[in-house]
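Engineer: sequence? don't have it. structure:
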DNA sequence: TAAAATCGTTGACCTACATCAAGACTTTTA
DNA sequence: TAAAAGTCTTGATGTAGGTCAACGATTTTA
């Protein structure tokens, strides 16, 4: 289990390393069931988590209280709200698991300590945070495209998403109804 | 002119100060004409600017090449792309002036130097950057609302925007056509 | 394992907004 | 200051996607 995190660190920060023993000290294996929440709007993000196996969705609430998906995550992804985690302020993000999911979790305090302790982990964290920012930009630029275009882009980016995520959840991400997605698929893919 | 910047710093970082002489050393008054660009996609952001008088729009290009406004700025706002400015990487942002505009500009190099030199300016910059991030979140959460709702929210947030910005530009921000905005106004405001 | 809930699909109908066109006004340019 | 360009408005018409309803298939719950 710790090997998966170790591999991910090595992939992102080649040439350096961190001992598995340290990861074992700082990270705790945690199991969540499908439909459980990792994070809810208004709460403070106490943990960050690395997905060993499973998947989740992030969503926001519209002013009318409707859930709007903002993204999905799978194996080897991190979850948690950096802003809330670092500043210990309430988050705006909701994170819910779409499958039974195994995580390695770390508390904010331990995360800070590990950043101090390990140059490698510091570089790894920096790298992830800068690419996360870039990702949110590409999300913005996806605006003003038709639902059909957004769907194609999504499938290009995550070809396997249809095997893991229900159409209802994908529709929410595309900001259309499940009925509209159903018709869109029928008309475009045959 | 420098007093406007000085006031803004004092408002955001009360209790401390910075000498006007230092601002004069580091910032250069610069005049842009209406329709000129401050920043174009693909270029590196060499300067940051503080608006003394005037206004501008930020926009992105959709995949079809259409300009989509992402925001407007007025007196006492900063312009420039932090990511591009700090890392000297190409920006994705376009900034164009909607009126003849007077700025105080500072180069990336001088900005760094001033950050080193002045504790007060460091706090000021930190504060602005953290609130800018919060603003971009609120932009995201405005999604999935109707054009009419987004328009109301915009007018609540910037009541005077109609006196400064054309309906064409506002329509682009709301992601509707100018015709649609015209009809929306007629049906809702009288 | 039976009952209840949820999901994907399809049909009928409706609405918000796009597109195209044209005229009155204002602003910019030569 | 005359001509050109852009802005705002209004009308006619088209369309993507929403809403509501129904039904079989799958999944969840008791």
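Structural biologist: Looks like it came in fine. Source: prediction; values computed, not measured. Numbers count the residues shown, from 1 in each chain, chains lettered A, B, ... in the order given.

Engineer: Name the next helix or strand following the helix or strand bottoming out on mean pLDDT in chain A along the chain.
Structural biologist: With mean pLDDT, DSSP states H and E as the measure, the helix or strand of chain A carrying the lowest mean pLDDT is helix A:119-141 (a mean of 73). Once the chain leaves helix A:119-141, the next helix or strand it forms, by DSSP states H and E, is helix A:147-157.

Engineer: what's the following helix or strand after that following helix?
Structural biologist: Next along the chain after helix A:147-157, taking DSSP H and E as the criterion, comes helix A:161-164.

Engineer: Pull the residues that contact that next one.
Structural biologist: The contact list for helix A:161-164 (CB atoms under 8 Å, 6 or more residues apart in numbering or on different chains) reads A:55, A:72, A:74, A:98-99, A:154-155, A:170. Where you see a C-beta, it was placed from the backbone N, CA and C, and this is true even at glycine.

Engineer: the inter-axis angle of the next helix-or-strand element following that helix versus helix A:147-157?
Structural biologist: Per DSSP H and E, the first helix or strand lying C-terminal to helix A:161-164 is helix A:167-174. Orientation note: helix A:167-174 sits at an angle of 110 degrees relative to helix A:147-157 (axes from the mean of the first three to the mean of the last three CA atoms, to 10 degrees).

Engineer: What residues sit buried inside helix A:167-174?
Structural biologist: A:169-174 (16 or more other CB atoms under 10 Å in any protein chain shown).

Engineer: Can you lay out the residues you listed as CSV showing distance to residue A:9?
Structural biologist: Listed next are the buried residues of helix A:167-174 as CSV, based on distance: CB to CB, whole Å:
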residue, distance to residue A:9
A:169, 30
A:170, 31
A:171, 35
A:172, 32
A:173, 29
A:174, 33
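
Engineer: Which one of these is nearest to residue B:112?
Structural biologist: Of all these, residue A:173 has the smallest distance to residue B:112: 39.4 Å, by CB to CB.

Engineer: Would you map out the domains in chain A?
Structural biologist: Chain A breaks down by automatic domain parsing into domains covering A:2-141, A:144-190.

Engineer: Quick check: which of the ones you listed is nearest to residue B:129?
Structural biologist: That would be domain A:2-141 among the domains of chain A, by CB to CB, at 12.1 Å.

Engineer: The closest one near DNA strand C anywhere?
Structural biologist: No - Domain A:2-141 is not in contact with DNA strand C by CB under 7 Å from any atom of the strand; minimum separation 9.6 Å.

Engineer: So the nearest residue to residue A:119 once chain neighbours are set aside, which state does it fall into?
Structural biologist: Distances taken as CB to CB, 6 or more residues apart in numbering or on different chains put residue A:16 closest to residue A:119, at 7.1 Å, once the chain neighbours are dropped. When classified by DSSP: H, G, I helix; E, B strand; the rest coil, residue A:16 comes out as coil.

Engineer: Report the contact partners of residue A:125.
Structural biologist: With CB under 8 Å, 6+ apart, residue A:125 has these contacts: residue A:115.

Engineer: Please determine how far it is located from DNA strand D.
Structural biologist: Distance of residue A:125 to DNA strand D, given as CB to the nearest atom of the strand, to the nearest Å: 34 Å.

Engineer: what sits opposite the residue nearest the centre of chain A in the beta ladder?
Structural biologist: Most central in chain A under CA atoms, centre = their mean is residue A:73, positioned 3.9 Å from the mean C-alpha point. Taking DSSP bridges as the rule, residue A:73 bridges to residue A:56.

Engineer: picking that back up, now the contacts of helix A:161-164 in JSON lines, with pLDDT?
Structural biologist: As requested, the contacts of helix A:161-164 are exported to JSON lines (pLDDT from 0 to 100):
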{"residue": "A:55", "pLDDT": "93"}
{"residue": "A:72", "pLDDT": "92"}
{"residue": "A:74", "pLDDT": "92"}
{"residue": "A:98", "pLDDT": "95"}
{"residue": "A:99", "pLDDT": "94"}
{"residue": "A:154", "pLDDT": "90"}
{"residue": "A:155", "pLDDT": "91"}
{"residue": "A:170", "pLDDT": "96"}
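
Engineer: Report the contact partners of residue A:50.
Structural biologist: A:4-5, A:8, A:27, A:76-78, A:103-105.

Engineer: Contact partners for the closest residue in space to residue A:40 that isn't next to it in sequence?
Structural biologist: Of all residues not flanking residue A:40 in the chain, residue A:94 sits nearest, at 5.5 Å (CB to CB, 6+ apart). Residue A:94 makes contacts with A:37, A:39-41, A:58-61, A:67, as judged by CB under 8 Å, 6+ apart.

Engineer: ditto for residue A:13
Structural biologist: Here residue A:13 is in contact with A:120, A:123-124, A:127 (CB under 8 Å, 6+ apart).

Engineer: Grab the nearest non-local neighbour of residue A:76.
Structural biologist: Closest to residue A:76 by CB to CB, 6+ apart is residue A:8, at 5.3 Å.

Engineer: And that neighbour, how close does it get to DNA strand C?
Structural biologist: 30 Å.

Engineer: separation between residue A:5 and DNA strand D?
Structural biologist: Distance, residue A:5 to DNA strand D, by CB to the nearest atom of the strand: 28 Å.

Engineer: quick one: contacts for that residue?
Structural biologist: Residue A:5 makes contact with A:23, A:27, A:50, A:52, A:104 under the criterion CB under 8 Å, 6+ apart.

Engineer: Check the secondary structure at the fourth one for me.
Structural biologist: Of the three states, residue A:52 takes strand according to three-state DSSP.
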